[in-house]
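A.B. asks: need a structure here:
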Amino acid sequence: MDKIGRIDGAPRFASLKVGFGMGNWSFTTERWGEMTRDDVKKQVFEIVALQLGRCEADLEERNRFKEDLNADSLDSVEMVIEIEDFFDIKIPDETAEILLTVGSTIDFVCKKLEIRED
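C.D. replies: Predicted structure coming up:
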């Protein structure tokens, strides 16, 4: 298990199918079908907290990465990479530059995963 809770690189919220008798695990193609915005928020908070050495409970969606959380450019790049890897999405450089808050990052991930807010 890696530092953000994945087993062998698999997303934590993935839908699992177990191959009984064969001992293998596989993932369905609709990995994010049941994921909610709260699930995305929890995972983004966890990634940000781990990367910046913060407590998740102290994070808020309105926190600005640079001004409020003191993230430098390397922190920002590493967070983008962790988010891309976890959610299996691509965040273009020009988009990453305008994701200035934790909340805007959550909204972007939800949009990419086509998760609607209830």
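A.B. asks: list the buried residues of stretch 53-70.
C.D. replies: Residues of stretch 53-70 classed as buried by neighbour count (16 or more other Cβ atoms under 10 Å): Arg54, Leu59, Asn63, Phe65, Leu69. Placement of C-beta: from N, CA and C, glycine included.
A.B. asks: wait, doesn't the fourth one sit right on Val102?
C.D. replies: It stands for Phe65. Yes: applying Cβ atoms under 8 Å as the test, Phe65 and Val102 come out as touching, 7.3 Å apart.
A.B. asks: show me where the protein has strands.
C.D. replies: With DSSP state E as the criterion, the chain has strands at 16-19, 24-27.
A.B. asks: picking up where we left off before, just the buried residues of stretch 53-70: which are in helices?
C.D. replies: Among the buried residues of stretch 53-70, no member is found in helices (DSSP state H).
A.B. asks: between those residues, which sits nearest Ile91?
C.D. replies: Phe65 (13.4 Å; Cβ to Cβ).
A.B. asks: tell me the contacts of the closest one?
C.D. replies: Residues in contact with Phe65 (Cβ atoms under 8 Å, 6 or more residues apart in numbering) are Val48, Ala71, Asp75, Ser76, Met79, Leu99, Leu100, Thr101, Val102.
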